[in-house]
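1. here is a sequence with its predicted model. Questions after.
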Amino acid sequence: MAAPKTPSHAAFPEMNPMNTTPKRSTLALLAGLLLAPAAVLYAHANERRQQFIYILRVAPRFQDVREWTDKEAAVVARHFERLSKATAEGQVILAGRTTEGLDATFGIVVFEAETLDQARAFMQSDPVVAAGLMSATLHPYAVALQRRPRVE
């Protein structure tokens, strides 16, 4: 039985491994494949919600740890629970604080919202802000780089 015929390189010069001159159609195909992901990412970026950051600072009165009572501790617990829930739901990208003393520390919350007004409402309804335990300033933000979670 005869072996099946393979395509002739004369009939398909782009398949000839010895042919190092790329054809225009091949270049166009490669360019399309390379540029398509960028176009898709650009389209999705415009559909995404906007990103914001708010910066939290402990109110001067509470920078002395002796001023803290169970009431303030409960407010901070509600603050953490709220941010945990918003993170699980995909609204909060990250949240955390510096590990300095209360007079120097600050916290950040990077999150998404549809509008500036919605972002402001989210920040102002944070239990620590609403209770006056911390002040907050809101800024438009764009995450440029983000490390992937480490797999251990």
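-> Cool, got the structure.
2. quick one: the helices in the protein?
-> 24-47, 70-88, 116-124, 127-130 (DSSP state H).
3. ok, the nearest residue to Ile53 once chain neighbours are set aside - contacts?
-> Nearest residue to Ile53 in three dimensions, chain neighbours excluded: Tyr141, at 4.0 Å (Cβ to Cβ, 6 or more residues apart in numbering). Every C-beta, even on glycine, is put in place using the N, C-alpha and C of the backbone. Neighbour list for Tyr141: 51-53, 110 [criterion: Cβ atoms under 8 Å, 6 or more residues apart in numbering].
4. so which of those residues sit within strands?
-> Counting by DSSP state E, the part of the contacts of Tyr141 found in strands is 51-53, 110.
5. hey, which helix or strand in this structure has the poorest pLDDT?
-> In the chain, no helix or strand scores lower on mean pLDDT, DSSP states H and E than helix 24-47, which sits at a mean of 48.
6. that older thread, relative to Gln91, how far out is the residue nearest to Ile53?
-> Look at Tyr141 and Gln91: by Cβ to Cβ, to the nearest Å, they are 14 Å apart.
7. all set now, cheers.
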